[in-house]
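Visitor: Generate coordinates for the sequence data below:
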Amino acid sequence: MALRIDHIRLSLDKEESALKEKVAAVLQIPVGEIQKIKIAKKSIDARRKNRIWFIYSLELSLSADLEARILRHPPRSLAVQSVPTPIRREFSSIKQKPSFRPVVVGTGPAGLFAALRLTASGLPPLILERGKKITERLVDVENFWRDGSFEPESNVQFGEGGAGTFSDGKLFTRLNDPRIAEILETFCRFGAPEEILMLQRPHIGTDRLRRIVQGIRQTLEGRGAEFKFQAKMTALNIYNGELSGLIVNGQEEVQATHLFLAIGHSSRDTYRMLYRIGMAMEAKPFAMGLRVEHPQSLIDRIQYGSSAEHPRLPPAEYQLTFRTIQGRGVYSFCMCPGGFIIAASSEKEGLVTNGMSLFHRNSPWANSALVVSVGPDDFGFEGPLAGMEFQHQWEKKAFHCGGGGFHAPAQGLLDFLQKREPSPLRKTSFQPGVCLARLDECLPGFIVDSLREALPHFNHKMIGFASKEAVLIGIETRTSSPIRLLRQRDFQSVSIRGLYPIGEGSGYSGGIVSSALDGLKAAETVLKKWE
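Guide: Coordinates of the predicted model:
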């Protein structure tokens, strides 16, 4: 057994080696009584800029008698609890295998973690990915960012690892499930730093995430799973409401009775195919807006004050929320300290932005989406695909506002806020480049009005946020899926038996960890039928 002690503070000038003495003093025990100490969680308290703290949750190993005494009489105002022995989940092999191996469509976190779970039980699946392997995909994406050379099946949205391959690799989630620890440990096993197990807001970075995804693929292949790249699911074979197979690239037929559909939130041609065959789905709310970019040094000064240049502090982050007079939510999303704003288009004449950073978050820029909630009443289209068509309409508008060639429309934040013509900008991180534009012409009026209402509030929360150094770049539309593929409690489509929509593309999860969790849970539910 061990004890967990929460809210142990260290000032910036104290090294973590001082934690043992600090907790011994708090517990009023000799340092030598602590047999082992482990950092369980670590965060930063920067509410008082003149006194910033690192906050720790620690797990201690003591003698059984001492642990029992501390639990009976814990120090006043200190949270102390026993740490239960972790339960390791054991996976038994399937005794009676199905007639056809399961198929996974998509290699994002939902697809990969579903495949890992299936393979662990002796059912290595066939895994189909419409895009290319990471090494080839990276060449296409870098060419796109350099000169706008667009590949419709190999881009920031499509290819090995899914859209998360070109992202900050955030692993933060508010979900509470024991499998989340398993997911983080899996990332560590494939090369993520162990700090992701303790940081309050862990991230991997796009550079390390790519290597991790390749490692997962190689392990799955070594255990019998088969990957096929540039293999797009173009049709489904359905008989009496039940899946019997699928068509790949319009010609190859694959027999299947269990298909895990992890298509991501941008596979619009696949959504249209599913709609045509009558799959149950509905339009769902999402959020849309712009990317804002500041010098990272400015955000550090705002958040850390005079401690901004302290070597132990990471690049500062922020999280902002606001509700307009009309009741619309406006908030920051996918904040990338020390990152880049990237072109993330998946269609020839559509402009999409996103944020990305490397593991060390060492670029001179900080960026975040500033987005406004939108719902079916806003779309102006009918049917389950209404939100998707709404996205498409404004991405096309933004493409032309940027002058074509995938240059992004951009405007100084103060010019946008004060409804002025755009003035020359400082250098931005966006590639292949930006074009000065009136951003109020690139978005629906209600989104523009909501942003202009929220920005003064954001500046009040973070003095200097609305400054001449801030640049807005348009547009951000792919915050989450605009469609929900309706499914039952067993993850199975309500209209097609044997089809299991998972991950962001299903409309039931968002982000790397929640999508990985969705894939794990769906695979486990299906495996129970065979066990």
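Visitor: going forward, measure contacts and count neighbours with C-alpha atoms only.
Guide: OK.
Visitor: Any regions of the stretch 351-500 of the chain where pLDDT drops low?
Guide: For the stretch 351-500 of the chain, applying pLDDT under 70 flags no range at all.
Visitor: ranges for the strands of it?
Guide: Using DSSP state E, counting those that start in this stretch, the strands of the stretch 351-500 of the chain run over 353-356, 365-374, 408-412, 434-436, 471-476, 483-485, 499-501.
Visitor: tell me the helices in the stretch 151-300 of the chain, going along the chain?
Guide: Along the stretch 151-300 of the chain, the segments classed as helices by DSSP state H, counting those that start in this stretch run 179-189, 206-222, 268-276, 296-304.
Visitor: repeat for the stretch 351-500 of the chain
Guide: Using DSSP H, counting those that start in this stretch, helices in the stretch 351-500 of the chain cover 376-379, 386-401, 413-417, 445-461.
Visitor: I'd like to know which of those helices lies nearest to Glu160.
Guide: Smallest distance to Glu160 across the helices of the stretch 351-500 of the chain (Cα to Cα): 23.1 Å, for helix 386-401.
Visitor: Can you check what angle separates that closest one from strand 471-476?
Guide: Using axes from the mean of the first three to the mean of the last three Cα atoms, to 10 degrees, the direction of helix 386-401 lies 140 degrees away from that of strand 471-476.
Visitor: Might you calculate how far helix 386-401 sits from the centre of the chain?
Guide: 22 Å (Cα atoms, centre = their mean, to the nearest Å).
Visitor: Kindly export it (C-alpha atoms) in PDB.
Guide: This file holds the C-alpha atoms of helix 386-401, laid out as PDB (Å, rounded to 0.1, in the frame of the first residue of the first chain):
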ATOM      1  CA  ALA A 386     -26.600  20.400 -42.800                       C
ATOM      2  CA  GLY A 387     -23.700  21.200 -40.500                       C
ATOM      3  CA  MET A 388     -21.200  19.700 -43.000                       C
ATOM      4  CA  GLU A 389     -22.600  21.700 -45.800                       C
ATOM      5  CA  PHE A 390     -22.500  24.800 -43.600                       C
ATOM      6  CA  GLN A 391     -18.800  24.200 -43.000                       C
ATOM      7  CA  HIS A 392     -18.100  23.600 -46.700                       C
ATOM      8  CA  GLN A 393     -19.900  26.900 -47.600                       C
ATOM      9  CA  TRP A 394     -17.700  29.000 -45.300                       C
ATOM     10  CA  GLU A 395     -14.400  27.200 -46.000                       C
ATOM     11  CA  LYS A 396     -15.000  27.900 -49.700                       C
ATOM     12  CA  LYS A 397     -15.700  31.600 -48.900                       C
ATOM     13  CA  ALA A 398     -12.500  31.800 -46.800                       C
ATOM     14  CA  PHE A 399     -10.500  30.200 -49.600                       C
ATOM     15  CA  HIS A 400     -11.500  33.000 -52.000                       C
ATOM     16  CA  CYS A 401     -11.100  35.700 -49.300                       C
END
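Visitor: What is that helix packed up against?
Guide: Secondary-structure packing of helix 386-401 (3 or more Cα pairs under 8 Å, 6 or more residues apart in numbering; DSSP states H and E): helix 376-379, strand 408-412, strand 471-476.
Visitor: May I ask you to name the longest helix in the protein?
Guide: helix 512-530 (DSSP state H).
Visitor: So which bits of that helix are buried?
Guide: 512-524, 526-527 (16 or more other Cα atoms under 10 Å).
Visitor: Contacts only, for Ala283.
Guide: By Cα atoms under 8 Å, 6 or more residues apart in numbering, the residues touching Ala283 are 376, 383-387, 482-484.
Visitor: actually Glu282, not the one I typed
Guide: So Glu282 contacts 383-385, 483-486 (Cα under 8 Å, 6+ apart).
Visitor: Most neighbours among those residues, please name it.
Guide: The residue in the contacts of Glu282 with the most neighbours, by other Cα atoms under 10 Å, is Leu485 (27 neighbours).
Visitor: residues in contact with it?
Guide: Applying Cα under 8 Å, 6+ apart, the residues near Leu485 are 279-282, 493, 501, 505-507.
Visitor: Repeat that for Pro102.
Guide: 123-126, 256-260.
Visitor: Equivalent analysis for Lys232, please.
Guide: Lys232 sits in contact with 128-131, 248-249, where contact means Cα under 8 Å, 6+ apart.
Visitor: and Met1, what pLDDT?
Guide: Note on Met1: pLDDT of 65.
Visitor: correct me, but Arg208 touches His360?
Guide: No: taking contacts as Cα atoms under 8 Å, Arg208 lies outside contact range of His360: 10.1 Å.
Visitor: Those two: which is more packed in?
Guide: Arg208 (18 against 15).
Visitor: How much space separates Arg89 from Arg208?
Guide: For Arg89, the distance to Arg208 (Cα to Cα, to the nearest Å) stands at 27 Å.
Visitor: related to what we said a few turns ago, the helices of the stretch 351-500 of the chain into JSON lines, with extra columns for distance to Met356 and mean neighbour count?
Guide: Shown next, in JSON lines, are the helices of the stretch 351-500 of the chain (distance: least, Cα to Cα, whole Å; neighbours: other Cα atoms under 10 Å):
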{"stretch": "helix 376-379", "distance to Met356": "28", "mean neighbour count": "16"}
{"stretch": "helix 386-401", "distance to Met356": "19", "mean neighbour count": "21"}
{"stretch": "helix 413-417", "distance to Met356": "21", "mean neighbour count": "20"}
{"stretch": "helix 445-461", "distance to Met356": "22", "mean neighbour count": "17"}
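Visitor: what are the phi and psi angles of the residue nearest the centre of the chain?
Guide: Centroid-nearest residue in the chain: Gly511, 3.0 Å away (criterion: Cα atoms, centre = their mean). Dihedral pair for Gly511: phi 100, psi 170, per degrees, to the nearest 10.
Visitor: Would you check that Pro285 makes contact with Asp377?
Guide: No: counting by Cα under 8 Å, Pro285 stays clear of Asp377, with 9.5 Å between them.
Visitor: Buried residues, stretch 421-440. List them.
Guide: 422, 425, 428-440.
Visitor: could I get it in PDB with only the CA atoms?
Guide: Only the C-alpha atoms of stretch 421-440 are listed here, as PDB (Å, rounded to 0.1, in the frame of the first residue of the first chain):
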ATOM      1  CA  GLU A 421      -9.600  48.000 -43.000                       C
ATOM      2  CA  PRO A 422      -6.700  45.600 -42.500                       C
ATOM      3  CA  SER A 423      -3.300  47.200 -42.000                       C
ATOM      4  CA  PRO A 424       0.100  45.500 -42.600                       C
ATOM      5  CA  LEU A 425       0.900  42.500 -40.300                       C
ATOM      6  CA  ARG A 426       3.900  41.200 -38.500                       C
ATOM      7  CA  LYS A 427       5.300  37.900 -39.600                       C
ATOM      8  CA  THR A 428       3.000  34.900 -38.900                       C
ATOM      9  CA  SER A 429       3.700  31.200 -38.600                       C
ATOM     10  CA  PHE A 430       1.100  30.300 -41.200                       C
ATOM     11  CA  GLN A 431       2.200  28.500 -44.400                       C
ATOM     12  CA  PRO A 432       2.000  28.800 -47.400                       C
ATOM     13  CA  GLY A 433       1.200  32.400 -46.400                       C
ATOM     14  CA  VAL A 434      -1.500  34.900 -45.500                       C
ATOM     15  CA  CYS A 435      -3.500  37.600 -47.400                       C
ATOM     16  CA  LEU A 436      -4.800  40.800 -45.800                       C
ATOM     17  CA  ALA A 437      -8.600  40.600 -45.800                       C
ATOM     18  CA  ARG A 438     -11.700  41.800 -43.900                       C
ATOM     19  CA  LEU A 439     -12.400  38.700 -41.700                       C
ATOM     20  CA  ASP A 440     -16.000  39.900 -41.200                       C
END
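Visitor: Right, I'll leave it there.
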